[in-house]
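Visitor: next input, structure requested:
(chains A and B)
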There are 2 protein chains.
Amino acid sequence: MTENGVNSHRGRVLTMDTMNPNVKKVEYAVRGPIVQRALQIEKELKAGVKKPFSEVIKANIGDCHAMGQRPITFLRQVLALCMYPELLSDNKFPEDAKNRARRILQSCGGGSIGAYSASQGIERVRQDVALYIERRDGGIPSDPDNIYLSTGASDAIMTMLKLLVSGEGCTRTGVMISIPQYPLYSAALADLGAVQISYYLNEESCWSLDVSELRRALNTARDHCCPRALCIINPGNPTGQVQSRQCIEDVIRFAAEENLFLMADEVYQDNVYAEGCEFHSFKKVLFEMGPKYSNTVELASFHSTSKCYMGECGFRGGYVEVINLDPDVKTQLTKLVSVRLCPPVPGQVLLDVVVNPPEPGEPSYATFIKERTATLDDLALKAKLTEETLNTVPGITCNPVQGAMYSFPRISLPERAIEEAKEQGQAPDMFYCMKLLEETGICLVPGSGFGQRDGTYHFRMTILPPTDKLKIVLAKVKEFHQDFTQQYS
Amino acid sequence: MTENGVNSHRGRVLTMDTMNPNVKKVEYAVRGPIVQRALQIEKELKAGVKKPFSEVIKANIGDCHAMGQRPITFLRQVLALCMYPELLSDNKFPEDAKNRARRILQSCGGGSIGAYSASQGIERVRQDVALYIERRDGGIPSDPDNIYLSTGASDAIMTMLKLLVSGEGCTRTGVMISIPQYPLYSAALADLGAVQISYYLNEESCWSLDVSELRRALNTARDHCCPRALCIINPGNPTGQVQSRQCIEDVIRFAAEENLFLMADEVYQDNVYAEGCEFHSFKKVLFEMGPKYSNTVELASFHSTSKCYMGECGFRGGYVEVINLDPDVKTQLTKLVSVRLCPPVPGQVLLDVVVNPPEPGEPSYATFIKERTATLDDLALKAKLTEETLNTVPGITCNPVQGAMYSFPRISLPERAIEEAKEQGQAPDMFYCMKLLEETGICLVPGSGFGQRDGTYHFRMTILPPTDKLKIVLAKVKEFHQDFTQQYS
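Guide: Got it, this is the predicted structure:
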């Protein structure tokens, strides 16, 4: 350290002791130690190390294409045309793809997707997103000025949380998130120095959300922080539930009563599989509840190009629609996003095609619908297969995978296993998942990475592997669970 | 506000009074009020409003393609092939482009750029970046594990600053930045609640950096913050200087003596135009200074696909190389970037081609070199033209544009103009630039947005418009400056 400008000791400037303490508190299990170990094992396999399996199967993350899901042809055609406009004179590309590419290129500076866009996103894309939302929500108007394109939904979620954090009035801002939750939320709150207010989903009734539990969590939190926002993930991640219209109404009423800013993570809005379930956007329900709510409740709704039938995670496309945001705060939001210049333009292009897909009568319509339907039908089958197979295993109980891309089954662990895990300083379900990885090559994320009721254990497993492989994965998990239970009983 | 769970008053949750106070302090002039007004004027022109000009010329931002610079064919070919791999069987694409596309696709999950990459970036791309750095730096080794790909350089800069901010030991972290500076730095420091320590570049000697000024700034800062990092932009933005090898050595020695973490923003490393100037990377100089320095000084060096001959701003590609970073902190960095999952994969692909361009003997080599040379030669001509023309205007003095993409001339403003600006609550150079915009349609950024010595006034103007248009812009600025001076004298 230095004193009076004289260097008395040459140590590192940036160490664990001196670094940002909030960053140290950040945790993100979806890419945590178990995934690091999985990558290591892959390298060991490549180097010829003998294992009881020949490949690592990564069922830890909603990475659709990595698990073999095929890109939708039309999306990629428009993207290729925008990348390399010489292809616009190529007969192999259909006219509807070319029309969309030309239309997007006309909205780019210098006709190139290499130009920066407006920081809020390309105006035309925002207009198309607004039209998409209006169609989705049965005609409820959407204003392109309320749409902010983003670098995946994660970016928009972090930006909105950053706006909400304030030291004024009370010491720290509290944000309500579900348990189990997608760990982006807990990570962002740790990074921002905000207080996480946990409300528990009800595993006994399909991970449903009860307003009484929201109220309990809120009242408990009031003595140590200032609660200001309520985050909802629907369809649920990691829990796969799809919320009923009634539940959404109740949540909105609660937010209105308790003066909470609503954040609705709706990135799985096309991923609804279960009979009788339907996706209801928070915005639509809010507006259908009448002006008492639609004129006052502040809502940010997030969407992404990474999930649904597209699964284009690598493009980092997404958007947030803000409702009832204070106009001055909106100006601040626009300023804040301008510092990072703009979201990646290829992701914006992709989003534009997603919200403006081929229409009946256009040359690509039939193929587009066929590919989209096949992808979603396949996911629905795998959701059912996962639930049914896991429920045949004694000691595993799995709620229906109504939507999204994950099962989150509860696992019974023998007392001896729990003790051994604790001796090793590991969460019991981390101990379980690590053993599963070492013995079978299957990479899952332990429930402790998402949060769960004390004394319960889970894992998150994606439904994404191709059906043949998924069957093998499920069979291996079944066998492993039985062996594990026996070994520690 | 609510009390004891009872809603006593329904106001907005998120207002200027309750929002994150740090965000309110963020400023980013490159996309500030003058650019908002420019967009408005464009709409007015479209709507038929009569103006003394027919188009807005945006010389405010280093947005190359928007100003007519052409994308490099080879880069776009590889990108199109990766987007739509069906094109790999198309004879119109050269084999070297196809080979690179195949090689990248093999490194992507499921062979698709729609898959997430590793959070640090695709391993193969990081290997290619390391090889590029080794070639650039005359063989000094570069470790792919020290490379983190990012969403443009801005993202990496903000991430490194976030790691460095700490409340421990002293109350607030201080970070040294040049004045004038690129306002990403001041914005990031405001956002993080860190203290900006301003050191002034020496306008009288081509915006050079004197270590005595660094020392003055540091000593002044020590009584109110804990200085921990020193940021350098070379070639300079907005000031266009290229630092000498000697200067870089002095800066490194200073950082070592004063125990400062070095951040070297080197995104304009190919943009060097002036005779006798050469780009020296901080890393190369550091290693040439011997192990006393190369084993101890912590350095982060940033690069981007947005500048140089590529100008592919929209892709948000970039990387940081970290040197001598504490291994535990590196683990924290890897964890932190994993929360956002991964940088946009199209930007990673682009970066891979930039660091691994066509080699002599490959089919695309000649065209690639021709396009790259033409782009850089054109920029060099425009740098010279800008400097020479501005220096013919009485009341404007412009340092040589040795590198980067901007001139940052000093302008003399009549006392009456300064008074009128102050009456209107505007910085005098903002008043000047706003008038220039209204009268000529030329959009520049006032020097006050970058910082400048009190009582001096400047503007930043890109050298990017096509030569014909640049000549018109310069002639109009000349005429405007003369009229303005006359009007207020």
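Visitor: show me which residues of the stretch 201-350 of chain A sit near chain B.
Guide: Within the stretch 201-350 of chain A, the positions near chain B by Cβ under 8 Å from any Cβ of the partner chain are A:215, A:218-219, A:222, A:228-229, A:256-261, A:296, A:298, A:310-316, A:324-326, A:328-329, A:332, A:335-336, A:338-347. Placement of C-beta: from N, CA and C, glycine included.
Visitor: buried subset of the residues you listed?
Guide: Among these, those classed as buried by 16 or more other Cβ atoms under 10 Å in any protein chain shown are A:218, A:222, A:228-229, A:256, A:258-261, A:296, A:298, A:310-316, A:324-326, A:329, A:332, A:335-336, A:338-347.
Visitor: now, which of those residues lie within strands?
Guide: Judged by DSSP state E, these include A:228-229, A:261 as members of strands.
Visitor: can I get those residues in JSON lines including pLDDT?
Guide: As requested, these are arranged in JSON lines below (pLDDT from 0 to 100):
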{"residue": "A:Arg228", "pLDDT": "94"}
{"residue": "A:Ala229", "pLDDT": "96"}
{"residue": "A:Phe261", "pLDDT": "97"}
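Visitor: from those residues, pick the one nearest A:Pro52.
Guide: The shortest approach to A:Pro52 among those belongs to A:Ala229, at 46.6 Å (Cβ to Cβ).
Visitor: return the residues in contact with the closest one.
Guide: Contact analysis of A:Ala229 by Cβ atoms under 8 Å, 6 or more residues apart in numbering or on different chains lists A:161, A:164, A:173, A:175-176, A:260-263, B:13.
Visitor: and with 6 Å instead?
Guide: Taking Cβ atoms under 6 Å, 6 or more residues apart in numbering or on different chains, we find A:Ala229 in contact with A:164, A:175, A:260-261, A:263.
Visitor: bridging residues for it?
Guide: A:Val175, A:Phe261 (DSSP bridges).
Visitor: show me where pLDDT drops low in chain A?
Guide: By pLDDT under 70, the low-scoring segments of chain A are A:1-10, A:167-170.
Visitor: outline the domain layout of it.
Guide: If you go by automatic domain parsing, the domain ranges for chain A are A:21-68+A:369-488, A:71-113, A:116-355.
Visitor: now A:Gly109: how far from B:Ile463?
Guide: Separation of A:Gly109 from B:Ile463 (Cβ to Cβ, to the nearest Å) stands at 17 Å.
Visitor: and those two? Which one has more around it.
Guide: Neighbour tally, A:Gly109 and B:Ile463, criterion other Cβ atoms under 10 Å in any protein chain shown: the higher count belongs to B:Ile463, 27 against 23.
Visitor: where along the stretch 51-200 of chain A do the strands fall?
Guide: Secondary structure of the stretch 51-200 of chain A (DSSP state E, counting those that start in this stretch): strands located at A:57-58, A:147-151, A:173-179, A:195-200.
Visitor: same question, the stretch 301-450 of chain A
Guide: Counting by DSSP E, counting those that start in this stretch, the strands of the stretch 301-450 of chain A are A:317-323, A:396-397, A:406-407, A:410-411, A:442-443, A:445-446.
Visitor: picking that back up, and B:Thr397, which of the domains of chain A is closest to it?
Guide: Short answer: domain A:116-355, nearest of the domains of chain A by Cβ to Cβ, at 30.0 Å.
Visitor: and the end-to-end length of that closest one?
Guide: Domain A:116-355 has an end-to-end distance of 21 Å (criterion: Cα to Cα, to the nearest Å).
Visitor: chain center to that domain, what's the gap?
Guide: Here domain A:116-355 is found 11 Å from its chain centre; the criterion is Cα atoms, centre = their mean, to the nearest Å.
Visitor: cool, stretch A:481-489 as well?
Guide: With Cα atoms, centre = their mean, you get 33 Å for stretch A:481-489.
Visitor: would you mind listing the buried residues in it?
Guide: Under the neighbour-count criterion of 16+ other Cβ under 10 Å, stretch A:481-489 has A:481, A:484-485, A:488 buried.
Visitor: now these as TSV including distance to chain B?
Guide: Shown next, in TSV, are the buried residues of stretch A:481-489 (distance: Cβ to the nearest Cβ, whole Å):
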residue	distance to chain B
A:His481	27
A:Phe484	28
A:Thr485	32
A:Tyr488	31
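Visitor: check whether stretch A:435-447 contacts chain B.
Guide: No. Stretch A:435-447 is not in contact with chain B by Cβ under 6 Å from any Cβ of the partner chain; minimum separation 12.6 Å.
Visitor: list the contacts of that stretch.
Guide: Counting by Cβ under 6 Å, 6+ apart, A:29-30, A:38, A:53, A:56-60, A:429-430, A:433, A:457-461, A:473, A:476, A:480 sit against stretch A:435-447.
Visitor: in it, which residues are buried?
Guide: For stretch A:435-447, burial by neighbour count (16+ other Cβ under 10 Å) applies to A:435-437, A:439-447.
Visitor: who wins for proximity to B:Val23 among the strands of the stretch 301-450 of chain A?
Guide: When those are compared by Cβ to Cβ, strand A:317-323 sits nearest B:Val23, at 14.9 Å.
Visitor: just checking: what are the partner strands of the closest one?
Guide: Next to strand A:317-323 in the sheet, as set by DSSP bridges, lie strand A:147-151 (antiparallel), strand A:299-304 (antiparallel).
Visitor: give the buried residues for that strand.
Guide: Neighbour-count burial for strand A:317-323 flags A:317-323 (criterion: 16+ other Cβ under 10 Å).
Visitor: from what I can see A:Ala194 touches A:Thr173, true?
Guide: Yes. If you go by Cβ atoms under 6 Å, A:Ala194 and A:Thr173 touch, sitting 4.7 Å apart.
Visitor: which residues do these two both contact?
Guide: Both A:Ala194 and A:Thr173 are in contact with A:Val165, where contact means Cβ under 6 Å, 6+ apart.
Visitor: okay, now A:Ile113: neighbour count?
Guide: Residues contacting A:Ile113 under the criterion other Cβ under 10 Å number 31.
Visitor: for chain B, see how far away it is.
Guide: Between A:Ile113 and chain B the distance is 5 Å, computed by Cβ to the nearest Cβ, to the nearest Å.
Visitor: just A:Pro52 next, same as before
Guide: 24 Å.
Visitor: against B:Pro465, how distant is the nearest residue in space to that residue that is not next to it in sequence?
Guide: If the residues on either side of it in the chain are set aside, A:Pro52 comes closest to A:Glu439, at 6.1 Å by Cβ to Cβ, 6 or more residues apart in numbering or on different chains. As judged by Cβ to Cβ, A:Glu439 and B:Pro465 stand 64 Å apart.
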